[in-house]
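S.K.: dropping the sequence and predicted coords here.
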Amino acid sequence: MSSAGISDADITAYFAANPTVVTLSGSNDNKIKQIITQKYISQYGNGLEQWNDWRRTGYPTLAQHQNAVGVDGTRPVRARYIDQEIARNPNFPNNVLQNVRVWWDVN
């Protein structure tokens, strides 16, 4: 918060008003949710890392995005290949959709 230019007084007031942000509580799953949610907030401006954490953990719980670019209007679960790869690689499977999970994605 200090790096973002927030004053010490405002930081103290925020933590006083939001004690659950400071102390992890609940089940292990709830604790992971709290950590990843704060990490998501801290990565504002780094959408790729936010997306990777969300895709990996499912946290934070996000509303359906109005501008989702997945094939069926859902949030993409895999990155789009660059056009140069598609054009230059004759062995590239050009039927890869962004809403089809990769083989290791079990969530």
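M.R.: Now that the structure is in, tell me what you want to look at. All figures in this text were calculated on a predicted structure; none of them were measured in a lab. Numbers count the residues shown, from 1 in each chain.
S.K.: now do the SS call for the residue lying closest to Ile86 once chain neighbours are set aside.
M.R.: Among residues not flanking Ile86 along the chain, Phe92 sits closest, at 5.5 Å (CB to CB, 6 or more residues apart in numbering). Just so you know, the C-beta spots here come from the backbone N, C-alpha and C atoms, and that holds for glycine as well. Counting by DSSP: H, G, I helix; E, B strand; the rest coil, the backbone at Phe92 sits in coil.
S.K.: how far away is Phe92 from Glu85?
M.R.: Here the criterion is CB to CB, to the nearest Å. By it, Phe92 lies 6 Å from Glu85.
S.K.: next secondary structure after the longest helix along the chain?
M.R.: In the chain, assigned by DSSP state H, the helix with the most residues is helix 28-42. Following helix 28-42 in sequence order, the next helix or strand is helix 47-57 (DSSP states H and E).
S.K.: for the residue nearest to Ile86, what are its contacts?
M.R.: Taking CB atoms under 8 Å, 6 or more residues apart in numbering as the criterion, Phe92 is in contact with 81, 85-86.
S.K.: show me what contacts the closest residue in space to Lys39 that isn't next to it in sequence?
M.R.: Leaving aside its sequence neighbours, Lys39 sits nearest to Asp53 (CB to CB, 6+ apart; 6.3 Å). Applying CB under 8 Å, 6+ apart, we find Asp53 in contact with 36, 39-40, 43, 59.
S.K.: may I ask which helix or strand of the chain has the lowest mean pLDDT?
M.R.: helix 19-22 (a mean of 74; mean pLDDT, DSSP states H and E).
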